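Q: can't give you the sequence, but here's the structure:
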């Protein structure tokens, strides 16, 4: 029995991600990317250059929290004229709605490194509840004495759900999002 206790304790340590503290999103090593199909042909890609947020992935997963804020005007599709249009009233309307936000409300464990996170996504002044998969991609110490953790998610939203209906015959309603976050332990 004495030999089984250390083995059992070691298995518990590896059963849960080691994340148990608060992390701040490192904007330089994180990304929010999107793609939308153009005229049923190719995919057009873009990203947001300014993001911030926090996450706390607790050993009790139900107490974990995730929040993300995106500067809507920081949209970057590698074409300045298109970026101005995307930031304008036809799409993100960044002058009136300067941020896109996500704030978790419920977190459920779905595997060793996978969570389903339900929360409020606010885009263009419209808030919708969404459930997204979040994968713990890894963690480790950096050379400056900090500790970092990574999260990744891929999911799809309908742009019309958020009042973005410009060019319905030319752009798909489905928008694919990839969110890759690296956090620095606070």
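A: Yes, it's here. Since the model is a prediction, treat every value here as computed from it, not as a measurement.
Q: I'd say residue 119 and residue 108 touch.
A: No. Counting by CB atoms under 8 Å, residue 119 does not reach residue 108; the two are 11.9 Å apart. Yep, even glycine has a C-beta here, placed from its N, CA and C like the rest.
Q: neighbour count winner among those two?
A: Remark: of residue 119 and residue 108, residue 119 carries more neighbours, 21 against 13, as counted by other CB atoms under 10 Å.
Q: quickly list what that one is bridged to.
A: residue 104, residue 130 (DSSP bridges).
Q: if I look at it, how far off is residue 94?
A: 22 Å (CB to CB, to the nearest Å).
Q: one more: residue 36?
A: 17 Å.
Q: can you report phi and psi for residue 82?
A: The phi and psi torsions at residue 82 (degrees, to the nearest 10) take the values phi -70, psi -40.
Q: pLDDT at it, what is it?
A: On pLDDT, residue 82 comes in at 98.
Q: same deal with the one 4 residues further on?
A: pLDDT, the model's per-residue confidence, is 98 for residue 86.
Q: burial measure for it, as a count.
A: Neighbours of residue 86 (other CB under 10 Å): 22.
Q: what's the answer for the one 5 residues further on, then?
A: Residue crowding around residue 91 was assessed by other CB under 10 Å; the count is 20.
Q: for it, give me its contacts.
A: Listed by CB atoms under 8 Å, 6 or more residues apart in numbering, the contact set of residue 91 reads 85, 164, 166.
Q: which stretches of the chain form helices?
A: 4-15, 80-87 (DSSP state H).
Q: flag every buried residue along the last one.
A: Put plainly, it is helix 80-87. Within helix 80-87, the residues scored as buried using 16 or more other CB atoms under 10 Å are 83, 85-87.
Q: how about those in CSV, adding distance to residue 62?
A: Shown next, in CSV, are those (distance: CB to CB, whole Å):
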residue, distance to residue 62
83, 39
85, 42
86, 37
87, 37
